[in-house]
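Undergrad: Pasting the sequence and the predicted coordinates here, then a few questions.
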Amino acid sequence: MIKTIEWTDAGVVMLDQLLLPTEEVYRTYTDYEGVAEAIRSMVIRGAPAIGVAAAMGVALGMKDLPELPPEERDRRFGAVCAAISATRPTAVNLFWAVDRMKRVYARVRHEGSGEIRRALVEEARRMHAEDIESNRALGRMGQELIPDGARVLTHCNAGALATAGYGTALGVIRAAVEAGKRVEVFADETRPFLQGARLTAWELMKDGIPVTVITDNMAGHFMKQKAIDCVVVGADRIAANGDVANKIGTYAVAVLARENNIPFYVAAPVSTVDLEMPDGDGIRIEERDGDEVRTIRGVRITPENVPVAHPAFDVTPSRYVGAIMTDRGVARAPYADSLRGLCAPPPTAA
Ligand code: MRU
């Protein structure tokens, strides 16, 4: 399986996604500032992968500290969490992961620095392992909605590279293939960062799953030609009512799918559901540097300094979403009820 991110004795190792598919370079980060920059610059990206990187960044920030008075240690921990939290605003997994690290810290903050470090590293590694497990569970349940012979359109990259491994939307496709189904993928190239053309195509080809890259503006044409049977995408944040924030362009795909009577599915672990966000209107959409639109891999494609807009995500209203595949089961409308039910903590044994 592709190794997206790993905790090692030398530091946090990440596959540099800015260089794929032409170069496969692993980078080792030894301080939290480096991890924060890797998240911001998208060396690592994709909501669940950002969550794991955030947790590992927090653990790294509390590593190799001298014994400090508790108040000073608290200040340091607060600064590390704030720096990691300020990297990217849309994917809720980042904040979910930092909150989990905060809960662990609160439990052990009166211990020695060795014990604090051990507990934080353990929690970050646990999140890494849990993410792979939850993607496999999501895949197993989600693939039941994928018919044999399906031609599946996906947008962006919601694969092994966007998670600790296996993937969400691509995890569903991998699980369908493992279940013996024939599946063919159409990958939107996903301007401007080209996650579909560079990353989805790369990882599916590695697995021998048939994939055809199309430019984003071809999706409607292929739907109308009856060349697409269903759409499966990932999510960066799902509001309590089922509105879905995902890579810019997802909304257009969902509307086209509705127009063409094609089911539109979202695949995401419950850690992507934000029950505190009533609907998609409140989700903060990241605005990225305009040069990511003006240039492709360093080559300028627009007049110099032309004004550009660059919202990195959009919100698809839940009425377009046929089902939300999660690691705890498949949610259907009305999502306010089904998501709340799936996200409820499991009952504790009496
Ligand atoms: O800007 P990115 O590449 O981090 O955006 C990624 C996406 O929008 C993915 O579809 C989403 O995070 C789900 S990844 C399993």
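TA: All right, it came through fine.
Undergrad: Could you write out the alpha-carbon coordinates of stretch 279-296 in PDB?
TA: What follows is stretch 279-296, C-alpha atoms only, in PDB (Å, rounded to 0.1, in the frame of the first residue of the first chain):
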ATOM      1  CA  ASP A 279     -25.500  23.600   7.400                       C
ATOM      2  CA  GLY A 280     -22.900  24.300   4.700                       C
ATOM      3  CA  ASP A 281     -23.300  28.100   4.700                       C
ATOM      4  CA  GLY A 282     -21.100  28.400   7.800                       C
ATOM      5  CA  ILE A 283     -18.200  26.300   6.400                       C
ATOM      6  CA  ARG A 284     -15.100  28.500   5.900                       C
ATOM      7  CA  ILE A 285     -13.800  28.000   2.300                       C
ATOM      8  CA  GLU A 286     -10.100  28.300   2.000                       C
ATOM      9  CA  GLU A 287      -8.900  30.900  -0.500                       C
ATOM     10  CA  ARG A 288      -5.400  30.000  -1.900                       C
ATOM     11  CA  ASP A 289      -2.700  31.900  -3.600                       C
ATOM     12  CA  GLY A 290      -3.700  33.100  -7.100                       C
ATOM     13  CA  ASP A 291      -0.500  31.900  -8.600                       C
ATOM     14  CA  GLU A 292      -1.800  28.400  -8.300                       C
ATOM     15  CA  VAL A 293      -4.400  29.400 -10.900                       C
ATOM     16  CA  ARG A 294      -2.100  31.600 -13.000                       C
ATOM     17  CA  THR A 295       0.600  28.900 -13.400                       C
ATOM     18  CA  ILE A 296       0.800  25.200 -14.000                       C
END
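Undergrad: Residues contacting that stretch, please?
TA: Identification of contacts with stretch 279-296 by Cβ atoms under 8 Å, 6 or more residues apart in numbering yields 88-90, 191-194, 237, 239-241, 243-245, 274, 277, 300-302, 304, 306-318. Glycine gets a C-beta too; all of them are placed from N, C-alpha and C.
Undergrad: I figured residue 123 hits residue 52, correct?
TA: No - look at residue 123 against residue 52 with Cβ atoms under 8 Å: they stay out of range, at 11.0 Å.
Undergrad: The two: who's more crowded?
TA: Taking neighbours as other Cβ atoms under 10 Å, residue 123 and residue 52 compare with residue 52 leading, 31 against 22.
Undergrad: Now the more buried one: which helix or strand?
TA: Element membership of residue 52 [criterion: DSSP states H and E] is helix 47-61.
Undergrad: Report all helices and strands that the helix or strand just after that helix contacts.
TA: Scanning forward in sequence from helix 47-61 by DSSP H and E, the next helix or strand is helix 70-85. Applying 3 or more Cβ pairs under 8 Å, 6 or more residues apart in numbering; DSSP states H and E, we find helix 70-85 packed against helix 32-41, helix 47-61, helix 92-108.
Undergrad: What average pLDDT does the helix or strand following the longest one get?
TA: Read that as helix 92-108. Using DSSP H and E, the helix or strand that follows helix 92-108 in sequence is helix 113-142. Average pLDDT, helix 113-142: 97.
Undergrad: try stretch 330-343
TA: Mean predicted confidence for stretch 330-343 is 98.
Undergrad: starting at the chain centroid, how far to the helix or strand that contains residue 152?
TA: Assigned by DSSP H and E, residue 152 belongs to strand 150-154. Centroid separation for strand 150-154 versus its chain: 19 Å, with Cα atoms, centre = their mean, to the nearest Å.
Undergrad: Over to stretch 191-208?
TA: 15 Å.
Undergrad: re earlier: from the contacts of stretch 279-296, which would you call buried?
TA: Neighbour counting by 16 or more other Cβ atoms under 10 Å classes 88-90, 191-194, 237, 239-241, 243-245, 274, 277, 310, 312-318 among the contacts of stretch 279-296 as buried.
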